[in-house]
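[1] Need coordinates for the below:
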Amino acid sequence: MNRSLLVQQLDALLTDEHNFIANLANASALLYNEIHDINWGGFYLYDESTDSLELGPFQGKVACMHIKPGSGVCGTAFETQTIQRIANVHKFPGHIACDSASNSEIVLPLTKGAKKIGVLDIDSPSPERFSESDQKELTDFVNVLLEHL
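    Modelled structure (predicted):
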């Protein structure tokens, strides 16, 4: 399997590391510093006790702290367990505008076995920022991340 440099970096960074929060923090820092033209990258983690996605490790401006499953792009990705690659967030029904500068977004569910962990969320100020190629690379990124969690 040919892994991108980003995915190889993640794998090396997390090898033999076992702290869940630290691994997510480093993963978000890696994304934020290596992917061009983004203004937010990080995680929302599912809390069964509140039935909501709670803000986790991230890089970028302050963010929404709680998102209900099915709400906005993140909640939709989590509830449907499908990748949401949105060219224009302002046209997405129920979009939650945590940062008015964001114009496009990609959200990938984080699920290991039957356990729904949360989502990886990445925003960009540019419309149509995320391509099919980005989606494939980020899917590989998530798969490697899940191997280490």
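[2] Quick check: which element contains I106?
    If you go by DSSP states H and E, I106 is part of strand 104-112.
[3] Return the set of buried residues in the top helix by length along the chain.
    Scanning the chain for the helix with the most residues, using DSSP state H, yields helix 132-148. Within helix 132-148, the residues that qualify as buried are 137-138, 140-142, 144-145, 148, counting by 16 or more other C-beta atoms under 10 Å. Any C-beta I mention is one placed from the backbone N, CA and C, and that applies to glycine too.
[4] So what touches the strand holding I106?
    43, 73-74, 76-78, 81-89, 92, 116-124, 126-130, 134-135, 138-139, 142, 145-146, 149 (C-beta atoms under 8 Å, 6 or more residues apart in numbering).
[5] just the buried members of those residues?
    For those, a neighbour count by 16+ other C-beta under 10 Å gives the buried set as 43, 73-74, 76-78, 83-86, 89, 92, 116-124, 129-130, 138, 142, 145.
[6] Which members of those residues are positioned in helices?
    Cross-referencing the buried ones among the contacts of strand 104-112 against helices under DSSP H gives 73-74, 76-78, 138, 142, 145.
[7] Got phi/psi on I96?
    phi -100, psi 110 (degrees, to the nearest 10).
[8] which residue packs closest to it, ignoring adjacent ones?
    G72 (3.6 Å; C-beta to C-beta, 6 or more residues apart in numbering).
[9] what about that neighbour, how many neighbours?
    24 (other C-beta atoms under 10 Å).
[10] All the strands of this structure, residue numbers only.
    40-47, 52-60, 66-67, 84-86, 104-112, 115-124 (DSSP state E).
[11] okay, the ones you listed in a markdown table with distance to L31 and mean pLDDT next?
    Below are the strands of the chain laid out as a markdown table (distance: least, C-beta to C-beta, whole Å; pLDDT from 0 to 100):
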| stretch | distance to L31 | mean pLDDT |
| --- | --- | --- |
| strand 40-47 | 4 | 98 |
| strand 52-60 | 7 | 98 |
| strand 66-67 | 19 | 96 |
| strand 84-86 | 15 | 97 |
| strand 104-112 | 11 | 97 |
| strand 115-124 | 7 | 97 |
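[12] That concludes my questions; thank you for your assistance.
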